[in-house]
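Enquirer: Quick one, structure for this:
(one chain, ligands or ions: 1)
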Amino acid sequence: MVLNMNFNLSEENQLFLDTVRNICRKEIKPLSEKIDNEGSIPKELLDKLAKVKLIGITIPEKYGGMNGTVLQSAIAGMEIGRADISMATAVYYLLNAGWGKIFSKYGTEEAKEEVLTKVTDGKAFLGVASTETGGGSDLYAIKTVAKKEGSRYIVNGEKGFISGVTEARELGGGHLTIVKTDPSKRTKGMSLIYIPAQSPGISVQTYKNMGRMGISTGELTYDNVEVDEKYLLKGENDGYGLLIEGFMTARTLVSSACIGAAEEALEIGIEHLKKREAFGGPLARYEGLQFEMVELYTHIEMVKLMIYKAATLIDEYENGKKVDLKDINMAVSMVKLRAPEVAFDTFKKVMMWHGAMGYTKEAGLEKGLRGVTSYLVGAEGALNIMRLIIVRELLGRDYMPYK
Ligand SMILES: Cc1cc2nc3c(=O)[nH]c(=O)nc-3n(C[C@H](O)[C@H](O)[C@H](O)COP(=O)(O)OP(=O)(O)OC[C@H]3O[C@@H](n4cnc5c(N)ncnc54)[C@H](O)[C@@H]3O)c2cc1C
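Expert: Numbers count the residues shown, from 1 in each chain. Here you go, the predicted structure:
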């Protein structure tokens with residue numbers, strides 16, 4: 001068998017990467033510290049990113065997006081993660097890109113005209129609400145219900161640990177929300193519906209997170225919230241499949257942001273090893289540290305290549321090429337499993353290379369460690385859930401611990 005593999009980005013995508021890198025270095029990087037300290041992404045930055053089509057990158061041009069591929073979205077995600085290692089800007093970016101793609105594909109024309117045009121303009125936030133305080137990994141157990149009455153759904157329940165609750169409330173926008181429309185069924189009784197955050201009957205409670213301070217996380221409680229049927233994606237009870245499809249892109253982009261942040265940390269670390277002297281020479285001379293550097297670099301490069309693969313498989317699938325969904329599931333789960341760990345290890349090691357200085361805010365590293373930890377503990381899917389997906393694909397459903 002001859003494998004036809006090209007490991008280089010196309011000329012077009014390399015040019016795209018260089019352009020995005022320059023923009024991120026100029027516009028985002030100088031603000032990263034401020035975003036972490038002040039707890040929000042400046043509105044002017046969102047306006048600038050919207051202008052260069054980096055918000056809602058996957059959304060078609062018709063609604064103001066650039067109709068970017070998942071590979072391009074991952075390339076941009078890496079650069080944004082690099083420029084704001086706290087992850088806040090990357091979270092804003094990847095939620096709008098990942099879930100904007102699902103909205104573009106399955107939303108009604110009326111809803112897309114109304115919502116997506118504002119998202120791409122930086123005037124509305126789009127996120128996802130699937131987790132409930134009673135449990136996140138066990139999606140079957142969600143309790144939020146939506147009952148159809150005339151041309152509206154009446155939503156009751158609560159969601160927890162949802163990113164962007166304040167942004168959607170203040171800026172405008174909302175969340176693609178997974179609800180039960182037929183509670184007697186499991187996955188076949190779920191629907192995905194966009195719920196505008198400013199709808200009457202929604203109350204918000206925010207958490208005090210340890211990291212990614214520039215973007216909020218919190219609970220949404222729905223008390224008889226009326227949602228127009230135009231906001232339903234695809235058909236009633238089709239929601240579970242759409243959510244899983246959305247996670248494919250979102251998890252790929254999360255992984256790209258983590259790897260971008262890890263690359264930035266490693267570059268800072270290498271500079272430090274070359275500059276800092278101990279025992280008559282630079283730290284970079286010591287094999288113990290050289291080997292750590294090699295391990296980190298190797299893992300970053302390997303995961304990056306796997307992200308390109310996951311993104312390319314999704315793009316090929318979207319373009320009608322014969323791609324086995326199993327291969328996409330595996331590739332996406334593998335990158336979401338490894339990228340947060342590689343990023344966490346990189347920050348930890350680079351902080352240690354800095355000695356006492358690594359423990360200070362002045363070193364500029366700890367916000368990265370706090371940010372990527374969100375993806376270790378569960379954001380966009382817990383790591384054991386990634387393992388379970390890989391188990392399912394390797395062994396088959398009969399070997400799953402649950403049906
Ligand atoms: C900062 C942050 C932002 C988030 N943003 C969003 C958002 O915007 N929208 C949204 O819907 N959700 C969001 N989440 C929630 C996230 O999706 C959940 O944390 C995740 O799905 C895990 O759910 P859980 O936290 O309830 O953990 P649990 O499901 O309670 O899991 C706890 C632990 O048990 C392990 N575990 C669970 N089941 C199994 C099993 N069968 N076998 C082995 N181990 C298992 C998990 O790996 C995990 O380590 C966010 C989370 C964080 C931390």
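
Enquirer: Identify the residues contacting Thr117.
Expert: Tyr63, Gly64 (C-beta atoms under 8 Å, 6 or more residues apart in numbering). In this view, the C-beta of every residue, glycine as well, is placed from N, C-alpha and C.

Enquirer: Please enumerate the helices of the stretch 201-350 of the chain.
Expert: Here the stretch 201-350 of the chain has its helices, by DSSP state H, counting those that start in this stretch, at 239-275, 287-318, 325-353.

Enquirer: Pull out the buried positions in the second one.
Expert: Judged by neighbour count (16 or more other C-beta atoms under 10 Å), helix 287-318 contains these buried residues: 289, 292-293, 296-297, 299-300, 303-304, 306-318.

Enquirer: any idea which residue of this protein is furthest from its center?
Expert: Computed with C-alpha atoms, centre = their mean, the residue of the chain farthest from its C-alpha average is Gly280, at 44.4 Å.

Enquirer: pLDDT value on that residue, please?
Expert: In this model, Gly280 is scored at 96, pLDDT.

Enquirer: same deal with Leu116?
Expert: Model confidence at Leu116 (pLDDT) stands at 98.

Enquirer: Could you do the one 5 residues further on as well?
Expert: According to the predicted model, the pLDDT of Asp121 comes to 97.

Enquirer: For the stretch 201-350 of the chain, what lies in contact range of the ligand?
Expert: Asn209, Thr217 (C-beta under 6 Å from any ligand atom).

Enquirer: For the stretch 201-350 of the chain, which residue gets nearest to the ligand?
Expert: Residue of the stretch 201-350 of the chain nearest the ligand, by C-beta to the nearest ligand atom: Thr217 (4.8 Å).

Enquirer: My guess is that residue contacts Lys208. True?
Expert: No: using C-beta atoms under 8 Å, Thr217 is not in contact with Lys208; the gap is 9.3 Å.

Enquirer: neighbour-wise, which of those two wins?
Expert: Legend: neighbour count by other C-beta atoms under 10 Å for Thr217 and Lys208, higher for Thr217 (19 against 7).

Enquirer: need the strands for this protein, in chain order.
Expert: Applying DSSP state E to the chain gives strands spanning 125-129, 145-149, 152-163, 173-180, 190-196, 202-206, 217-228, 277-278, 281-282.

Enquirer: how about a markdown table for the ones you listed, with distance to Gly381 added?
Expert: Output for the strands of the chain, formatted as a markdown table (distance: least, C-beta to C-beta, whole Å):
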| stretch | distance to Gly381 |
| --- | --- |
| strand 125-129 | 11 |
| strand 145-149 | 23 |
| strand 152-163 | 12 |
| strand 173-180 | 14 |
| strand 190-196 | 16 |
| strand 202-206 | 22 |
| strand 217-228 | 15 |
| strand 277-278 | 41 |
| strand 281-282 | 41 |
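
Enquirer: tell me the contacts of Leu313?
Expert: Per C-beta under 8 Å, 6+ apart, neighbours of Leu313: Val323, Asp327, Ile328, Ala331.

Enquirer: if we can go back for a sec, let me see the confidence value for the residue of the stretch 201-350 of the chain closest to the ligand.
Expert: Reported pLDDT for Thr217: 98.

Enquirer: Can you name the residues that contact Lys147?
Expert: Per C-beta under 8 Å, 6+ apart, neighbours of Lys147: Tyr153, Ile154, Thr181.

Enquirer: distance of the closest residue to the ligand within the stretch 51-200 of the chain from Gly381?
Expert: Using C-beta to the nearest ligand atom, the single residue of the stretch 51-200 of the chain nearest to the ligand is Gly136, 2.2 Å away. Applying C-beta to C-beta, to the nearest Å, the value for Gly136 to Gly381 is 8 Å.

Enquirer: still on that earlier bit, present the helices of the stretch 201-350 of the chain as TSV; the columns should include distance to Glu229 and mean pLDDT.
Expert: Listed next are these as TSV, based on distance: least, C-beta to C-beta, whole Å; pLDDT from 0 to 100:
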stretch	distance to Glu229	mean pLDDT
helix 239-275	14	98
helix 287-318	27	97
helix 325-353	29	97
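
Enquirer: In JSON lines, list these along with distance to Ser199.
Expert: Shown next, in JSON lines, are these (distance: least, C-beta to C-beta, whole Å):
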{"stretch": "helix 239-275", "distance to Ser199": "18"}
{"stretch": "helix 287-318", "distance to Ser199": "31"}
{"stretch": "helix 325-353", "distance to Ser199": "31"}
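
Enquirer: where does this protein dip in pLDDT?
Expert: 1-5, 403 (pLDDT under 70).

Enquirer: how long is stretch 171-185 end to end?
Expert: Chord length of stretch 171-185, first to last residue, is 36 Å (C-alpha to C-alpha, to the nearest Å).

Enquirer: buried residues in that stretch?
Expert: Leu171, Gly172, Gly173, Gly174, His175, Leu176, Thr177, Ile178, Val179, Lys180, Thr181.

Enquirer: I'd guessed the fifth one sits against Tyr222; true?
Expert: Just to be clear, that refers to His175. No: counting by C-beta under 8 Å, Tyr222 is not a contact partner of His175; they are 10.9 Å apart.

Enquirer: which residues are common contacts for the two?
Expert: Ile195.
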